[in-house]
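**Student:** make a model of this:
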Amino acid sequence: MMASTPAAKVPPLRRRLPAGALRRRQLAASAWLYLAFLAVATIMVGTFALAFIASLKVDPLERPFRIYFDQLNPAAWIAAARLGQEGAGDALWGGLAPGAKVDFSVTYAAPADATIVEPRAEVPRRRPGSGIAAALMRHYAADYASIALRSSSAATMQARDEKGIRQGWQTRTFVYEITYRTDRQNGPWIERTPLNLTAPTSQILIDSPISPSRSERRGRLLSWDNITPGALGLIFNNYRRVINETADLQTGKSLLGSWLGNSLVIATGRLVLTLVVASLAGYALARLKFRGSRLLFAAALFSMTIPAQVTFVSNYLIFRDLSLLNTPWSVIVVFVASANVLLMKQFFEGFPREIEEAAIVDGASRFQVFCKIVLPNAKPALLVNAILAFQGAWNDFFWPLVLITSPPEALTVQVGLLSLRRSFGGVQGDWGLVLAGAFISIVPVVILFVLFQRHIVSTQFAKGTT
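**Tutor:** Numbers count the residues shown, from 1 in each chain. Here you go, the predicted model:
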């Protein structure tokens with residue numbers, strides 16, 4: 001009798017989920033992935049939006065940081081437009097012009113047992129900043145404007161003190177009239193009309209058309225940098241300052257346009273040169289096999305790991321001997337062989353060899369294959385490399401700082417922002433001006449990304465044809 005063989009163990013069958021449950025799991029996974037991407041985007045956009053809000057402020061470093069202030073207050077926009085219209089007939093950008101008559105009202109409050117006195121008002125001879133802005137200042141509102149109290153009115157109000165006890169307060173509204181002096185009717189248009197109000201510490205300012213720029217002397221002195229700003233002048237004052245105050249001391253010409261133009265020339269030049277070098281070198285490393293090709297690739301890879309600060313002395317001496325210092329060419333050619341070569345090499349290695357071999361069989365040379373078949377199908381990789389090269393050159397700070405030092409109009413926008421910090425900053429720093437300049441500098445990169453973002457996400461290349 002034959003012995004029976006043991007039956008093979010059959011693994012238990014997995015329980016199959018119903019189609020509805022599987023679909024729900026897929027939707028849940030997709031929802032969690034979407035929420036994760038949404039959270040990351042919110043953090044990034046939120047940081048960007050917060051920095052933009054800070055660039056509108058007079059003092060971006062204020063504590064606590066306020067989200068709601070005059071530059072974001074529609075009521076303040078309307079008041080600023082009225083003041084600008086009265087000051088210079090321009091509701092958008094304001095100013096003070098001959099024939100101006102501006103009414104500026106302030107309301108002070110004090111406890112019922114205190115006396116509200118008229119604050120001492122003056123149009124100070126104040127410079128708009130320091131450094132270049134102060135040197136370019138030619139006309140002051142204090143030399144052309146006069147101020148006088150036109151009227152005052154008293155009232156009462158109920159408010160709670162620090163302990164939460166409700167008590168009566170008295171208020172008084174003072175209306176000042178700022179006029180362009182009649183003996184100087186042929187005077188110039190003046191961009192800013194500053195105002196100082198000095199009052200006892202027992203009086204608290206509770207209302208004004210636009211908020212004071214700063215409070216000094218423990219609240220006794222309230223100071224406005226400009227009481228006739230106009231709506232856009234109030235909102236974008238820091239951006240207007242960047243354009244108007246970054247000027248050459250000799251010519252008085254704004255340097256911001258020159259800085260942006262220099263950065264554009266350098267970024268475009270490096271973009272073109274990088275694409276040429278990266279495509280040729282990447283294709284050679286991916287397709288051409290010759291003695292020492294691996295050693296060359298290893299050397300190129302190793303050179304990319306060396307920080308630029310290690311070789312800048314030798315590069316500086318080379319550019320000095322070639323008489324390329326303080327020229328855009330030195331910054332354009334200094335950093336063209338970079339990781340872009342590796343990106344193009346990886347793309348060309350994934351390109352089907354059969355297409356190239358078919359073209360070679362038909363009589364095409366290697367260079368014709370590269371120019372007419374490979375490059376047209378490499379548009380996604382070329383666009384990605386172009387954007388990376390443009391962004392890297394546009395945001396480059398180290399090499400322009402080392403290789404371009406004069407004249408002032410030859411600087412790039414990133415180095416120019418450093419001059420804003422040096423010229424206007426002092427010890428504390430005029431960070432509203434620096435932030436506004438930084439946001440102006442990122443506009444070209446944002447435009448470039450928006451125009452070509454659909455090409456970046458596309459990794460498909462067209463089929464080759466003979």
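**Student:** for the stretch 1-150 of the chain, what spans make up the strands?
**Tutor:** 101-111, 120-122, 145-160 (DSSP state E, counting those that start in this stretch).
**Student:** can you give me the neighbour number for residue 42?
**Tutor:** Residue 42 has 11 neighbours, counted by other C-beta atoms under 10 Å. Any C-beta I mention is one placed from the backbone N, CA and C, and that applies to glycine too.
**Student:** gap between it and residue 48?
**Tutor:** 11 Å (C-beta to C-beta, to the nearest Å).
**Student:** picking up where we left off before, which one, of the strands of the stretch 1-150 of the chain, ends up nearest to residue 20?
**Tutor:** strand 145-160 (59.7 Å; C-beta to C-beta).
**Student:** mean confidence for the closest one?
**Tutor:** On average, the pLDDT along strand 145-160 is 86.
**Student:** give the next helix or strand downstream of that strand.
**Tutor:** Where DSSP states H and E defines the elements, the next helix or strand beyond strand 145-160 is strand 166-180.
**Student:** for the residue lying closest to residue 224 once chain neighbours are set aside, what are its contacts?
**Tutor:** Distances taken as C-beta to C-beta, 6 or more residues apart in numbering put residue 195 closest to residue 224, at 4.4 Å, once the chain neighbours are dropped. Applying C-beta atoms under 8 Å, 6 or more residues apart in numbering to residue 195 gives the contacts 104, 121, 122, 123, 124, 147, 176, 178, 223, 224, 227.
**Student:** from residue 154, how far off is residue 195?
**Tutor:** Distance from residue 195 to residue 154, by C-beta to C-beta: 22 Å.
**Student:** now swap in residue 39 and tell me
**Tutor:** 54 Å.
**Student:** one step back: residue 79: which of the strands of the stretch 1-150 of the chain is closest?
**Tutor:** Evaluated over those, closeness to residue 79 peaks at strand 101-111, with 9.7 Å, by C-beta to C-beta.
**Student:** who does that closest one pair with, and is each partner parallel or antiparallel?
**Tutor:** strand 166-180 (antiparallel), strand 204-207 (antiparallel) (DSSP bridges).
**Student:** report the angle between that strand and strand 145-160.
**Tutor:** With axes from the mean of the first three to the mean of the last three C-alpha atoms, to 10 degrees defining the directions, strand 101-111 sits at 30 degrees from strand 145-160.
**Student:** now strand 101-111, how far from the centre of its chain.
**Tutor:** Centre-to-centre, strand 101-111 and its host chain are 37 Å apart (C-alpha atoms, centre = their mean, to the nearest Å).
**Student:** tell me which residues in that strand are buried?
**Tutor:** 102, 104, 105, 106, 107, 108, 109, 110, 111 (16 or more other C-beta atoms under 10 Å).
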